[in-house]
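Student: pasting the structure only:
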């Protein structure tokens, strides 16, 4: 009789643990989806503001054309099949190209001083700075969610019982997202703070 009670208690404890682990995995996947949606919104906003900046008349024609082209490519990658997810470099490469183009624009000698006193320049630069910083943060939160989900899915019990079902293993989103070039110092980890 006591053996049967011990077996029932052990089975119940294992059941509670498996249920808790499955619930945690489900919450991690929900967090991952929310973080990916926030990242997608931040990327769309950044490319939109970059397109607006390129067409603002604040830049020389060659720089405007370059910036508009890479911003359009980034937007096209976002609107591609599944937002470019699951393809090697499908969305990451155009987004990194946009970062490099923005870094090149802002790194031009005398760029900031050439915009002093230009109507609308400060507002547009502030918006672009905010959009770029939001991408930096959203990507960090998304990659943190990926790391937590992957770690949970690698647990032996999760793999043995296939608690993740058929959900694909999430992948990190790796892009260049810092507008501060190598060796430069900025006021933040990702931004040179373009506005006064």
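Tutor: Yep, that arrived. Values in this document were obtained by computation on a predicted structure and should not be read as measured data.

Student: Distance check, the most centrally placed residue in the chain against residue 44.
Tutor: Taking C-alpha atoms, centre = their mean, the centroid of the chain lies closest to residue 139, which sits 2.6 Å from it. According to C-beta to C-beta, to the nearest Å, residue 139 stands 14 Å off from residue 44. To be clear about C-beta, it is placed using only N, CA and C from the backbone, and glycine gets the same treatment.

Student: for residue 133, same thing?
Tutor: 15 Å.

Student: quick one on the thing from earlier: output the contacting helices and strands for the helix or strand containing the residue nearest to the centre of the chain.
Tutor: Secondary structure assignment for residue 139, by DSSP states H and E: helix 121-153. With contacts taken as 3 or more C-beta pairs under 8 Å, 6 or more residues apart in numbering; DSSP states H and E, helix 121-153 sits against helix 2-54, helix 92-106, helix 111-115.

Student: If we use 6 Å, what do you get?
Tutor: Contact here means 3 or more C-beta pairs under 6 Å, 6 or more residues apart in numbering; DSSP states H and E; on that basis helix 121-153 packs against helix 2-54.

Student: any idea of the angle the helix it packs on forms with helix 92-106?
Tutor: 40 degrees (axes from the mean of the first three to the mean of the last three C-alpha atoms, to 10 degrees).

Student: Let me know the next secondary structure element after helix 2-54.
Tutor: From helix 2-54, the next helix or strand downstream (DSSP H and E) is helix 61-79.

Student: For that next one, give the mean pLDDT please.
Tutor: In this model, helix 61-79 has a mean pLDDT of 91.

Student: now for that helix, which elements pack on it?
Tutor: Secondary elements touching helix 61-79 (3+ C-beta pairs under 6 Å, 6+ apart): helix 2-54, helix 92-106.

Student: hmm, back to that, check contacts around the residue nearest to the centre of the chain.
Tutor: 39, 173, 177 (C-beta atoms under 6 Å, 6 or more residues apart in numbering).

Student: Let me see the confidence value for it.
Tutor: 96.

Student: again, but for residue 171
Tutor: 93.
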